[in-house]
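Q: What follows is a predicted structure for the sequence shown.
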Amino acid sequence: AEAELAGRHLMLLGDINLAMTSTLDTDEAVQRFADLVVPLLADWCLVSVIDPDGTRRDVGRAHKDPALVPAMHRYADLRVTTNDVAAPVPRMLRDPRPIVFPELTDEIVRSMVADDEAREALVPLRPAAAAGFPLIARGEVIGGFTLINEPERGAHTEVELRTAEIASRRAALALDNARLAKANQQVAERLQLSLLSPPVQPDSLELAVRYRPATHGVSIGGDWYDAFLQPDGDTVLVIGDVMGHDIEAAAAMGQVKTLVRGIAFDRLEEPAGLLRRVDHALVGLAVPAMATALVCRVEQDPEDRSEGVRRLRWATAGHPEPMLLLADGEVVDLAAPIGPPLGIGWLGPRADGRTAMPEGSTLLLFTDGLFERRGASLDEGRERVRDVLAGSADLTLDQLCDRLLTDLLGDDAEDDVAVLAVRAHPVHAERPAEAGPEILPPAVPHLA
């Protein structure tokens, strides 16, 4: 019997490691811990965590008797705000050492729980013995847990206390690792969002963007979009993908995006020339990044404006070609010679594609995560994008973008996805209300 019990305790420690390290949700990890230790180590258990702002919360709660779970929740909700300084958890936070009460007399309970309502809530739970253990990770107290037994079970055994102490160390380390991983992920996500700035809404063009991180793994990567006005009033549209799916890829993406934006604003070159300069700059500045990119420029000189005409010029560096949705639902693949990715110092030629952008048409730029799928060809994936786009001519731009993500990705994105859509409203008509405020070109002289 002792050997069997020792084996169960050993399995418990392994289960705690597995359960708590398989999630980055700290609250879920704590609840898993409470569910595992009951009833092997106690009749019921409460686990407290200390948030970064110092707030204490009773997150993990488990009871062997489902009928008493509501009573346990009622008491746990009260004890956080009413615990006396002599109670196990406050004592452990001040002096992080285990605390054991082989017998909880009325006097001890009264000394720890000063609030009448909290003591009343404790009555149906019949606490007869308790043991508290701090959760300490890297020298910091991040919480604690309390094991409570009813009168029938009595005081905790030495084996139970020893296992609980080992479990406290493993649980604390797993919880701290989850906190650190979550904090790193939040920092990375903020970095990603800060680099994906809202697009401009120039003249009678309407722009909409979407970014969907991969569902699995780190939810950041190298996909980006950008849209800005040049000093001459033309609109530059950029979409790209830095190779990688981590914070290094996101940081490299910021450098590539900044180079594209700065060179495009200063030089006023055609897209192919812009990509050539960015490629050489990446190599010359030793930026450790390789990226695909697509640059489009919506052009309109005074004569074009008077005639209500827009012209589109684009070039791609290893990036999927854009699509143009016409007002009647026809979808046109905008094909142009595809140059190699940025970051290799390509000395060969890069070429532009040119076409008209009629009123009512919608230009769609996207990264490969929108259509690439395991087990399916790239042509099949693009055909799916084309089908969804063809049936969306009557939708608003935001509705079109949402439909693309819903129909093509669902709830499970295998890769990061960036989408940039541009709708050409009539030049001489009143700007549609949903298109957003007009942003005029900046009055900045061109410096040769």
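A: Happy to help now that I have it. All values reported here derive from a predicted model rather than from experimental measurement.
Q: Please make it C-alpha for all contacts and neighbour counts, starting now.
A: Noted.
Q: May I have the beta-bridge partners of residue 417?
A: residue 212 (DSSP bridges).
Q: And the one 4 residues further on, by the same measure?
A: Beta-bridge partners for residue 421, by DSSP bridges, are residue 208, residue 364.
Q: show me the contacts for it.
A: The contact partners of residue 421, taken as CA atoms under 8 Å, 6 or more residues apart in numbering, are 207-209, 362-365, 397, 401.
Q: Return the member of those nearest to residue 169.
A: Residue 169 lies nearest to residue 209 out of those, by CA to CA, at 46.2 Å.
Q: where does residue 132 fall, phi/psi-wise?
A: Per-residue torsions, residue 132: phi -120, psi 140 (degrees, to the nearest 10).
Q: That one reaches residue 143, doesn't it?
A: No. The criterion here is CA atoms under 8 Å, and residue 132 misses it with residue 143 at 10.7 Å.
Q: picking up where we left off before, for the contacts of residue 421, which one is nearest residue 21?
A: residue 209 (35.4 Å).
Q: so what's that closest one up against?
A: With CA under 8 Å, 6+ apart, residue 209 has these contacts: 198-199, 225, 401, 418-421.
Q: now swap in residue 182 and tell me
A: 24-25.
Q: Dihedrals phi and psi, it?
A: The phi/psi pair for residue 182 (degrees, to the nearest 10) is phi -70, psi -40.
Q: pLDDT value on it, please?
A: With respect to pLDDT, residue 182 scores 77.
Q: Please, where are all the helices along the stretch 301-448 of the chain?
A: Per DSSP state H, counting those that start in this stretch, the stretch 301-448 of the chain carries helices over the ranges 302-307, 378-390, 397-409.
Q: next one: the stretch 51-200 of the chain
A: 69-82, 88-94, 106-112, 116-122, 158-195.
Q: about what we covered before: could you say which of the contacts of residue 209 is surrounded by the most neighbours?
A: Highest neighbour count within those: residue 225, with 27 neighbours (other CA atoms under 10 Å).
Q: Run a quick neighbour tally on the residue lying closest to it once chain neighbours are set aside.
A: Nearest non-adjacent residue to residue 225, counting by CA to CA, 6 or more residues apart in numbering: residue 239, 4.3 Å away. Residues lying near residue 239 (other CA under 10 Å) number 25.
Q: Would you agree residue 239 falls within a helix?
A: No. Secondary structure assignment (DSSP: H, G, I helix; E, B strand; the rest coil) places residue 239 in strand, not in a helix.
Q: where does it land on pLDDT?
A: Note on residue 239: pLDDT of 96.
Q: next one: residue 445
A: Confidence at residue 445, expressed as pLDDT, is 33.
Q: With residue 319 instead?
A: 95.
Q: Let me know how buried it is, in neighbour terms.
A: Look at residue 319: counted by other CA under 10 Å, it has 23 neighbours.
Q: One more: residue 97?
A: Residues lying near residue 97 (other CA under 10 Å) number 16.
Q: Contacts only, for it.
A: By CA under 8 Å, 6+ apart, residue 97 lies in contact with 133-134.
Q: Including pLDDT and distance to residue 180, could the contacts of residue 421 go into TSV?
A: Compiled in TSV, these are given as follows (pLDDT from 0 to 100; distance: CA to CA, whole Å):
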residue	pLDDT	distance to residue 180
207	94	37
208	94	34
209	93	31
362	96	43
363	97	41
364	97	38
365	97	36
397	93	39
401	94	34
